[in-house]
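K.L.:
Following is a predicted model, sequence given first.
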Protein chains: 2
Amino acid sequence: MNRYESLVRGLLEQAGITVGGSEPQDLQVHDQRFYERVVAEGSLGLGESYMDGWWSCAQLDEFFCRLLQTRLDSKVKLPWRETLAAAVARVLNRQSSRRAGQVAHVHYDLGAEFFEAIMDPRMVYSCGYWKNATTLAQAQEDKLDLACRKIGLAPSDRVLDIGCGWGGFVTFAHERYGCAPLGVTISRPQAEYARRRCAGTPIQILAADYREINRREHGSFDKVVSFGMFEHVGPKNHRAFMKVVDDVLTEGGLFLLHTVGENVTRPKGDPWLDKHIFPNVAIPSVQHIGRAVEGLFVVEDWHNFGPDYYTTLMSWYENLQKHYPSLSPGAVPEPRERFYRMWEYFYASCASAFKTRRLQLWQIVMSKGTIPAYTSVR
Amino acid sequence: MNRYESLVRGLLEQAGITVGGSEPQDLQVHDQRFYERVVAEGSLGLGESYMDGWWSCAQLDEFFCRLLQTRLDSKVKLPWRETLAAAVARVLNRQSSRRAGQVAHVHYDLGAEFFEAIMDPRMVYSCGYWKNATTLAQAQEDKLDLACRKIGLAPSDRVLDIGCGWGGFVTFAHERYGCAPLGVTISRPQAEYARRRCAGTPIQILAADYREINRREHGSFDKVVSFGMFEHVGPKNHRAFMKVVDDVLTEGGLFLLHTVGENVTRPKGDPWLDKHIFPNVAIPSVQHIGRAVEGLFVVEDWHNFGPDYYTTLMSWYENLQKHYPSLSPGAVPEPRERFYRMWEYFYASCASAFKTRRLQLWQIVMSKGTIPAYTSVR
């Protein structure tokens, strides 16, 4: 056993994880280079060596829960904590308009067949609301309905959805509440998909960056919603995002922000996630939100249902395991197996971050402070 | 008409207020020195000249609503905005332990007879919950019960109330939920009053600064609450306050913070309020809270019912008008009339700040991030 192996084994043992053990969280190493790669590259090396098949685990989410519960990531003073990269991120605005397309290109432009296999029938790619739901489809409907009830959606409302994805919210708001929303996404394939879905309805879909939305061109809106998109905006642009919403929202209007939240303020996200799943992702903190909305919005209600994202992500993970083998040849890039393992790693590691309460899911309702009162609903 | 009079009249007209007019919000000037004093001293001069009887108004809260709705305070570049004082406050920690007694001495040490005349039977001196209430007494009971339900209070819970006042919450939690809380207040007269009220119960009352509370001496608590006290803590000490709560809260515990909140981050409060009602008051913003709890607590729920403080303050205002004349001679300081007008001014101006949505009322539930999930209630 070389010094890398003994170091890694020792750390994992602190978290109750045994290399070669038979518990669900235990790790099987298939390539001895694993140890050195993890020590040298930290989080990135752990993820990429998984993609390369150098190690496996019977229950990957449980493996991550153990790591996070032991707070191994904050104990280890290795490249694991990307101090330099964080400092660089503060200087360099990683989510400029030019770069905003990166996340769409890498992630959301992937063919719809893959996401259809993983998601609910409405194709809603954000946390579901599991309070009264037992299936993913129901949890997503309940989440959309919760949002509609929170903003008191009425048929006559002009509604804007920033980051509309494949049109999950806009079609729901149309079918159930009689609205004709405008949905905006930066991903052209998503916009085309949503447009096909909305054919014959008064729903409008725009392929644009959120910074292109303004009152002069697009008019004002009584209700603005945004689901799972603020995570891609980045701290340097949080204020610009809020100013866009402020510009288009009517005086008596309501804005619902649905976003993942983090317990501490960080300038950037996990390096593995950044490289393979969400380039330039930056999860906001309470401080970030406070700074971004100051003087523009009154926070009327702040609802945290983070643990529901564990259930949502585990549902996607199960669907991945179930449906991946039957995807058509061109549906995903080659090598197929490595791509599969990347998504496994993503869903399981994120799920565990919500289960261990490292990450939160916030629905925040805001007004311009010109409504007499707001009554929060659950 | 001198230049001060024309300046003040012009500003008031922008807000729809006429000097000598007959609308409820109109202002009657009884001393011509009023105009110069307001120009020279801003907010402080406006308040003190009211106390001195230099002007009056049929409906004082409506007068303030008009001022705030017109945003006159941000338009006028006079001493009204205490820029220098704000800068000084940032440097000087206004809420040091030595100074913390000031607010208690000036405000809460006032004889109980005065507050008994103004408040509900339980003597709860914070915002009521008016969702289903029609009287002040009911609104305060509903607020206390809402807080207890939010933290899932159980008879076996060890409960700490930081800033317990005259014992409103601790007695409620004992009667309705079978708990034996520890209440802490910095005001000796409040502590003595609460102790008399709790005689024969297992409730404990401690006269101490919140910084004196610690796990070693006082043990750990399953639930910690604080109502209307964080406003006196001050931004420089927000973190110290949270660390005290973190120290004594159990791993699976819940902390409910009930505080007034402001839409923007300011280092200090209004100069009139600071001088006459709450020395060193500093209303927190979302940013303040975010910064103070970072890495210590997970924000589980953030409930804003600010407009309910308008109704609460107007109830106190009505009680003041109704019961002040019959207070016993020694109940309030001389001159009686000036003291009365000070409270009128306080309740009416604060009420209007909540009605116009300048101020918010937050109930925030927090955990240590070690509970599997939290279900918010309303």
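P.N.:
Arrived safely.

K.L.:
Spell out which parts of chain A neighbour chain B.
P.N.:
When proximity is defined as C-beta under 8 Å from any C-beta of the partner chain, chain A approaches chain B at A:131, A:263-265, A:285-291, A:293-295, A:298-307, A:355, A:357-358, A:360, A:367, A:369-378. Where you see a C-beta, it was placed from the backbone N, CA and C, and this is true even at glycine.

K.L.:
List only those of those flagged as buried.
P.N.:
Buried members of the residues of chain A next to chain B, counted by 16 or more other C-beta atoms under 10 Å in any protein chain shown: A:263, A:265, A:285-291, A:293-294, A:298-307, A:355, A:357-358, A:360, A:367, A:369, A:373-374, A:376.

K.L.:
shaky segments in chain A?
P.N.:
A:73-109 (pLDDT under 70).

K.L.:
In it, which strand is the longest?
P.N.:
Secondary structure assigned by DSSP state E gives strand A:249-262 as the longest strand of chain A.

K.L.:
A:A348: neighbour count?
P.N.:
A:A348 has 23 neighbours, counted by other C-beta atoms under 10 Å in any protein chain shown.

K.L.:
Not counting sequence-adjacent ones, nearest residue to it?
P.N.:
A:L60 (3.7 Å; C-beta to C-beta, 6 or more residues apart in numbering or on different chains).

K.L.:
Go through chain A and flag its longest helix.
P.N.:
If you go by DSSP state H, chain A has its longest helix at helix A:336-355.

K.L.:
Output the helix or strand that comes right after that one in CSV with nothing but the alpha carbons.
P.N.:
Toward the C-terminus, helix A:336-355 is succeeded by strand A:359-367 as the next helix or strand (DSSP states H and E). Output in CSV follows, covering the C-alpha atoms of strand A:359-367 (Å, rounded to 0.1, in the frame of the first residue of the first chain):
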residue,chain,number,x,y,z
LEU,A,359,-27.9,22.4,-0.2
GLN,A,360,-31.4,23.9,0.1
LEU,A,361,-34.3,24.5,-2.3
TRP,A,362,-35.9,27.9,-2.0
GLN,A,363,-39.1,29.3,-3.4
ILE,A,364,-39.0,33.0,-2.6
VAL,A,365,-42.0,35.3,-3.3
MET,A,366,-41.1,39.0,-3.8
SER,A,367,-43.1,42.1,-4.5
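
K.L.:
who are the neighbours of strand A:359-367, in terms of helices and strands?
P.N.:
helix A:136-150, strand A:249-262, helix A:286-293, strand A:298-304, helix A:307-323, helix A:336-355 (3 or more C-beta pairs under 8 Å, 6 or more residues apart in numbering or on different chains; DSSP states H and E).

K.L.:
Now those in TSV, please, with extra columns for distance to A:I17.
P.N.:
Formatted as TSV, these follow (distance: least, C-beta to C-beta, whole Å):
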stretch	distance to A:I17
helix A:136-150	29
strand A:249-262	24
helix A:286-293	32
strand A:298-304	29
helix A:307-323	19
helix A:336-355	13
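
K.L.:
Of these, which is nearest B:P279?
P.N.:
helix A:286-293 (26.1 Å; C-beta to C-beta).

K.L.:
Now do the contacts for the residue nearest to A:L313 when sequence neighbours are not counted.
P.N.:
Using C-beta to C-beta, 6+ apart and skipping residues adjacent in sequence, the residue nearest A:L313 is A:A351, 3.8 Å away. Going by C-beta atoms under 8 Å, 6 or more residues apart in numbering or on different chains, A:A351 touches A:61, A:64, A:309-310, A:313-314, A:317.

K.L.:
Dump those to TSV, plus distance to B:Y345.
P.N.:
Converted to TSV, those look like this (distance: C-beta to C-beta, whole Å):
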residue	distance to B:Y345
A:D61	59
A:F64	58
A:Y309	49
A:Y310	52
A:L313	55
A:M314	58
A:Y317	61
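
K.L.:
May I see these organised as a markdown table, with neighbour count added?
P.N.:
As requested, those are exported to a markdown table (neighbours: other C-beta atoms under 10 Å in any protein chain shown):
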| residue | neighbour count |
| --- | --- |
| A:D61 | 24 |
| A:F64 | 24 |
| A:Y309 | 22 |
| A:Y310 | 25 |
| A:L313 | 23 |
| A:M314 | 19 |
| A:Y317 | 20 |
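
K.L.:
Tell me how far the longest strand of chain A lies from the chain's centre.
P.N.:
A distance of 17 Å separates the centroid of the chain from that of strand A:249-262, by C-alpha atoms, centre = their mean, to the nearest Å.

K.L.:
Surely A:L12 is in a strand?
P.N.:
No. Using DSSP: H, G, I helix; E, B strand; the rest coil, the assignment for A:L12 is helix, not a strand.

K.L.:
where along chain A do the strands fall?
P.N.:
A:27-29, A:55-57, A:159-162, A:182-185, A:204-207, A:221-227, A:249-262, A:298-304, A:359-367.

K.L.:
partners of the third one in the sheet?
P.N.:
When sheet partners are counted by DSSP bridges, strand A:159-162 sits next to strand A:182-185 (parallel), strand A:221-227 (parallel).

K.L.:
what comes up buried for it?
P.N.:
A:159-162.

K.L.:
Then stretch A:182-199?
P.N.:
For stretch A:182-199, the neighbour count (16+ other C-beta under 10 Å) marks A:182-187, A:189-191, A:193-195, A:197-198 as buried.

K.L.:
give the contact list for the nearest residue to A:F172 once chain neighbours are set aside.
P.N.:
By the measure of C-beta to C-beta, 6+ apart, the closest residue to A:F172 outside its immediate chain neighbours is A:L144, 4.5 Å from it. Counting by C-beta under 8 Å, 6+ apart, A:L144 touches A:122, A:124, A:168-169, A:172-173.

K.L.:
any idea how far A:A137 is from A:L144?
P.N.:
11 Å (C-beta to C-beta, to the nearest Å).

K.L.:
residues shared between the contacts of these two?
P.N.:
A:R122.

K.L.:
A:G330 contacts A:G111, doesn't it?
P.N.:
Yes. If you go by C-beta atoms under 8 Å, A:G330 and A:G111 touch, sitting 7.5 Å apart.

K.L.:
Those two: which has the busier surroundings?
P.N.:
A:G111 (15 against 9).

K.L.:
The nearest residue to the more buried one once chain neighbours are set aside: how many residues sit nearby?
P.N.:
Spatially, and ignoring its direct neighbours in sequence, A:G111 is nearest to A:A331 (5.5 Å; C-beta to C-beta, 6+ apart). Applying other C-beta under 10 Å, we find 18 residues neighbouring A:A331.

K.L.:
who's in contact with A:A331?
P.N.:
Contacts of A:A331 (C-beta under 8 Å, 6+ apart): A:111, A:113-114.

K.L.:
Of these, which belong to helices?
P.N.:
Those of the contacts of A:A331 lying in helices (DSSP H): A:113-114.

K.L.:
and stretch A:21-35, how far from the chain's centre?
P.N.:
Put simply, stretch A:21-35 sits 28 Å off its chain's centre (C-alpha atoms, centre = their mean).

K.L.:
Equivalent analysis for stretch A:284-303, please.
P.N.:
What separates the centre of stretch A:284-303 from the centre of its chain is 19 Å, taken as C-alpha atoms, centre = their mean.

K.L.:
I'd like to check which residues are in contact with the closest residue to chain B within the stretch 1-150 of chain A.
P.N.:
Closest to chain B within the stretch 1-150 of chain A is A:K131: 7.3 Å, counting by C-beta to the nearest C-beta. By C-beta under 8 Å, 6+ apart, A:K131 lies in contact with A:142, A:305, A:308, A:378, B:375.

K.L.:
repeat for A:F172
P.N.:
A:122, A:141, A:144-145, A:148.

K.L.:
Top of those by number of neighbours, please.
P.N.:
That'd be A:L144 among the contacts of A:F172, by other C-beta under 10 Å, with 25 neighbours.
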